[in-house]
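**Student:** Compute the structure for the input listed below.
(one chain, ligands or ions: 1)
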Amino acid sequence: MKQQIQFGTKQIDFTLSFLDRKSLAIKVHPNLNVEVLAPLGTDSKKVLAKIKSKAPWILKQIEQFKTYKPGTPPRRFINGETHLYLGRQYRLKIVPDKINVIKAYRGQLFIHATDTSKDALEKQLQQWYKQKATNVFTEMINEILPQFKKYKIKQPLLNIRKMSNRWGSCTPAGKIILNTELIKAPKGSIEYVVIHELAHLVHHNHTKPFFDLQNRVMPDWKKWKDRLEYFLA
Ligand SMILES: [Zn+2]
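**Tutor:** Model prediction:
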């Protein structure tokens with residue numbers, strides 16, 4: 001549940017989940033997401049009061065993550081500029097050509113392009129990312145799906161698109177939506193998101209059975225989740 005509170009002139013956005021737990025916890029993630037975990041049945045007024053009392057701490061955490069965050073400068077699509085692919089940095093090498101084709105090879109991303117203007121290169125690279133995302137994500141789902149065999153979930157429909165505030169989501173009808181930008185993350189991090197969404201096709205919430213399942217399929221998911229947040233925050 002996405003919510004927000006006003007604290008002085010600042011607005012704090014947070015997601016609130018009610019879970020089978022004893023105390024209320026507030027987490028600020030490196031990607032600046034604020035997560036509030038409340039025990040089932042907690043009065044929402046109580047939750048809001050608690051968040052308000054913790055607001056200075058939350059804002060301080062956010063500020064700290066902002067300073068540490070390397071921050072992606074606006075991309076210029078020039079030779080030598082680095083772009084991420086599957087968790088690795090590649091240097092752009094722009095090759096004026098009669099055809100449009102992109103190849104990732106030994107740390108370099110060769111862009112053969114008929115039009116080397118910034119806009120054209122950006123569009124071409126975006127299409128390449130989308131194509132790679134389609135191949136990699138599809139293959140990954142097919143590899144991981146057998147681990148969910150006993151839950152008898154159907155082969156999910158995959159939808160890939162850019163999303164500004166989440167890595168993945170799913171629908172009760174069994175469609176999985178993954179963020180195109182994930183293709184820039186390490187494979188393990190992509191696997192984590194895929195497993196998380198597949199587990200949601202079994203449990204449509206963040207309850208203990210959900211996390212038990214996620215733990216079983218990927219015991220070290222936390223590491224990959226943190227890496228994802230660090231990488232693409
Ligand atoms: Zn989830």
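**Student:** Give me the phi and psi for the nearest residue to Leu157 once chain neighbours are set aside.
**Tutor:** In this structure, Leu157 finds its nearest non-sequential neighbour in Lys175, 4.4 Å apart by CB to CB, 6 or more residues apart in numbering. Every residue, glycine included, has its C-beta placed from N, CA and C. Main-chain dihedrals, Lys175, degrees, to the nearest 10: phi -100, psi 140.
**Student:** how close does the residue of the chain positioned farthest from its centre sit to Lys222?
**Tutor:** Largest separation from the mean C-alpha position in the chain: Lys98, at 35.9 Å (CA atoms, centre = their mean). Taking CB to CB, to the nearest Å as the measure, Lys98 falls 48 Å from Lys222.
**Student:** repeat for Asp119
**Tutor:** 40 Å.
**Student:** Those two: which has the busier surroundings?
**Tutor:** Lys222 (12 against 9; other CB atoms under 10 Å).
**Student:** The more buried one is in what secondary structure piece?
**Tutor:** Under the criterion of DSSP states H and E, Lys222 resides in helix 221-232.
**Student:** ok, residues contacting that helix?
**Tutor:** With CB atoms under 8 Å, 6 or more residues apart in numbering as the test, helix 221-232 has contacts from 29-31, 84, 87, 167, 181-182, 184-186, 188-189, 191-193, 195-196, 214-215, 218.
**Student:** With just CA atoms, put it into PDB.
**Tutor:** C-alpha atoms of helix 221-232 as PDB (Å, rounded to 0.1, in the frame of the first residue of the first chain):
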ATOM      1  CA  TRP A 221      17.900 -13.500  -2.200                       C
ATOM      2  CA  LYS A 222      18.700 -10.700   0.300                       C
ATOM      3  CA  LYS A 223      22.200 -10.200  -1.100                       C
ATOM      4  CA  TRP A 224      20.900  -9.900  -4.700                       C
ATOM      5  CA  LYS A 225      18.100  -7.600  -3.600                       C
ATOM      6  CA  ASP A 226      20.600  -5.300  -1.900                       C
ATOM      7  CA  ARG A 227      22.900  -5.400  -4.900                       C
ATOM      8  CA  LEU A 228      20.000  -4.500  -7.200                       C
ATOM      9  CA  GLU A 229      19.200  -1.500  -5.000                       C
ATOM     10  CA  TYR A 230      22.800  -0.400  -4.900                       C
ATOM     11  CA  PHE A 231      23.300  -0.900  -8.600                       C
ATOM     12  CA  LEU A 232      20.300   0.700 -10.200                       C
END
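**Student:** Now do that helix: distance to the chain's middle.
**Tutor:** 9 Å (CA atoms, centre = their mean, to the nearest Å).
**Student:** And stretch 140-147, by the same measure?
**Tutor:** With CA atoms, centre = their mean, you get 19 Å for stretch 140-147.
**Student:** quick one: buried residues of it?
**Tutor:** 140-141 (16 or more other CB atoms under 10 Å).
**Student:** average model confidence for it?
**Tutor:** Per-residue pLDDT values over stretch 140-147 give a mean of 96.
**Student:** Could you do stretch 11-30 as well?
**Tutor:** Stretch 11-30 comes out at a mean pLDDT of 88.
**Student:** Quick check: end-to-end length of that stretch?
**Tutor:** Stretch 11-30 has an end-to-end distance of 18 Å (criterion: CA to CA, to the nearest Å).
**Student:** Name the residues of it that come out as buried.
**Tutor:** Applying 16+ other CB under 10 Å to stretch 11-30 flags 12, 14, 16, 18, 24, 26, 28-30 as buried.
**Student:** Is Ser169 in contact with Ile177, as I believe?
**Tutor:** Yes: assessed by CB atoms under 8 Å, Ser169 is found in contact with Ile177 at 4.9 Å.
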